[in-house]
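Q: Make a model of this:
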Amino acid sequence: MSSMIAPLEIAVGNEEVCPSPSLLVVSSNPELRRGLLSSLQSDSWLLQEAASGAEALEKIEVSNVALVLLDPGLPDLKVDDFREMVQAQYPNITLIPINPHTGRAMTTGASPSSMSFEVVRKIERGLSFRVGSSAAPQAADDSARSHGLPEFVGKSPAVQPLFSMARLVAQRDTTVLITGESGTGKDVVARGIHQLSQRRLKPFVVINCAAIPEALLEAELFGYVKGAFTGAVQSRIGRIHAAQGGTLLLDEIGDLPLGLQSKLLRFLEQGEVQRLGSTDTLRVDVRVIAATNANIRRLVQEHNFREDLFYRLSIFPIHLPPLRDRLEDLEPLTQSFLSRFCPHDVALTPPATALLQQHSWPGNVRELRNVIERASILAGQSREIRPEHILI
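A: Numbering: from 1, shown residues only. Model prediction:
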């Protein structure tokens with residue numbers, strides 16, 4: 001987590017316009033959040049909500065949050081730990097505790113600011129909501145539910161079993177293991193499962209087990225408390241905790257060091273995490289999806305991957321076919337990338353299309369994306385992509 005917020009800035013001429021400050025309501029009670037958000041509508045600030053401490057910290061990190069209305073009964077963090085993290089890293093944020101039953105502000109100790117005073121006045125005048133009913137979350141896109149996966153392009157026979165299995169398991173909290181060659185879109189499938197699930201309104205957190213040095217990976221996964229090791233100047237939650245209520249994607253799980261595999265297994269079995277330097281265990285509610293391009297069974301045979309962890313992760317395996325086995329999807333994939341990379345309408349000439357069809361695509365969809373992006377640059381302002389633009 002960065003030490004300071006870097007607000008987005010939009011350049012207009014020679015001036016910089018910063019976004020409006022955000023007001024963040026943090027409570028596990030959806031009715032309380034909904035009522036506060038309804039009562040606090042204003043042109044002076046943007047409104048956000050979070051159902052847990054982990055989700056709140058994620059939003060604080062990427063948003064221009066100025067004020068946090070905090071329900072002390074966080075489901076995942078001690079409120080003192082949450083307050084310490086925020087105040088240490090974002091000292092300009094005002095924290096106002098609220099009564100978890102009435103939503104009224106308890107302003108003792110709140111730093112003075114015109115925004116906080118205005119909000120408190122609004123709250124104390126009375127909230128325009130009634131606790132007692134809750135609306136169901138908005139349903140995911142019906143066409144994606146019945147025909148495919150969100151953001152996954154293609155309808156070839158090779159991917160139809162994938163769609164069916166992903167839609168089935170999306171409705172459960174079962175652990176999923178997605179396998180397939182590099183570049184086939186395992187992360188897209190994982191995100192699609194999340195978006196079709198009951199957890200779609202909660203965080204989707206990704207950690208690449210191969211991209212983080214082993215010495216840092218445990219801290220990234222499980223978090224740590226202040227003073228746990230040299231350089232730990234404040235407490236921090238891990239990626240597992242940041243996914244509270246949502247989905248955690250463990251990408252390249254085959255590269256997870258053996259020393260961490262037992263700790264991950266314990267989390268999967270018990271639903272608890274223990275931050276480095278702490279003796280406290282924290283309950284978390286996280287759905288886990290793992291992905292790998294490695295042959296996990298071979299890693300198990302070579303004693304480089306725990307057999308019990310493999311069986312725990314592979315309760316519901318899904319395999320992605322390589323692009324060479326689904327060439328019917330080449331055209332829609334190409335059109336999708338063209339629309340993404342070209343500022344104007346561009347079409348492939350028949351010779352360019354034939355060239356794409358003849359390639360074996362060892363890098364799969366990722367390779368195709370790179371080829372089309374490069375071709376769109378080489379084509380310049382031309383309305384056609386010709387064979388000379390296709391570098392493969």
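
Q: C-alpha only now, for contacts and for neighbours.
A: Fine.

Q: Next SSE downstream of the helix or strand containing residue 86?
A: In this structure, residue 86 sits in helix 79-89 according to DSSP states H and E. Remark: after helix 79-89, the chain's next helix or strand is strand 94-97, criterion DSSP H and E.

Q: Show me what that following strand is packed up against.
A: Strand 94-97 sits against strand 65-70, with contacts defined as 3 or more C-alpha pairs under 8 Å, 6 or more residues apart in numbering; DSSP states H and E.

Q: coming back round to it: what residues sit buried inside the helix holding residue 86?
A: Within helix 79-89, the residues scored as buried using 16 or more other C-alpha atoms under 10 Å are 79, 81, 82, 84, 85, 86, 89.

Q: can I assume the fifth one is in contact with residue 232?
A: So that's residue 85. No - between residue 85 and residue 232 there is no contact under C-alpha atoms under 8 Å: 11.9 Å.

Q: got the buried residues of helix 79-89 as TSV, with distance to residue 265 columns?
A: Putting those into TSV (distance: C-alpha to C-alpha, whole Å) gives the following:
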residue	distance to residue 265
79	28
81	26
82	27
84	30
85	28
86	30
89	32
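
Q: so where is the stretch 251-392 of the chain shaky, pLDDT-wise?
A: Across the stretch 251-392 of the chain, nothing is flagged by pLDDT under 70.

Q: now the helices for it?
A: Using DSSP state H, counting those that start in this stretch, the helices of the stretch 251-392 of the chain run over residues 258-270, 296-301, 307-313, 330-341, 350-358, 364-379.

Q: Would you mind putting these into CSV with distance to residue 188 and mean neighbour count alongside?
A: What follows is the helices of the stretch 251-392 of the chain, written out as CSV (distance: least, C-alpha to C-alpha, whole Å; neighbours: other C-alpha atoms under 10 Å):
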stretch, distance to residue 188, mean neighbour count
helix 258-270, 23, 15
helix 296-301, 21, 15
helix 307-313, 19, 16
helix 330-341, 13, 17
helix 350-358, 23, 15
helix 364-379, 11, 19
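
Q: Of those, which is nearest residue 101?
A: Nearest of the helices of the stretch 251-392 of the chain to residue 101, taken as C-alpha to C-alpha: helix 258-270 at 30.9 Å.

Q: How about residues contacting that closest one?
A: With contacts defined as C-alpha atoms under 8 Å, 6 or more residues apart in numbering, helix 258-270 is touched by 218, 272, 273, 304, 305, 306, 308, 309, 312.

Q: can you check stretch 68-76 too?
A: Defining contact as C-alpha under 8 Å, 6+ apart, one finds that stretch 68-76 is touched by 23-28, 52-54, 79, 93-100, 105, 241, 244, 282-284.

Q: Swap in 6 Å and give it another go.
A: Outside stretch 68-76, the residues within contact range by C-alpha atoms under 6 Å, 6 or more residues apart in numbering are 23, 24, 25, 26, 27, 52, 79, 95, 96, 97, 98, 100.

Q: try stretch 180-187
A: By C-alpha under 6 Å, 6+ apart, stretch 180-187 touches 293, 319, 320, 322, 363, 364, 365, 366.

Q: Between those, which sits nearest residue 170?
A: Set against residue 170, the nearest of those by C-alpha to C-alpha is residue 319 (15.3 Å).

Q: Can you get me a residue count around the closest one?
A: Residues within reach of residue 319, counting by other C-alpha atoms under 10 Å, total 18.

Q: most distant residue from the middle of this structure?
A: residue 351 (40.0 Å; C-alpha atoms, centre = their mean).

Q: What is the most widely separated pair among the buried residues of helix 79-89?
A: 79 and 89 (15.6 Å).
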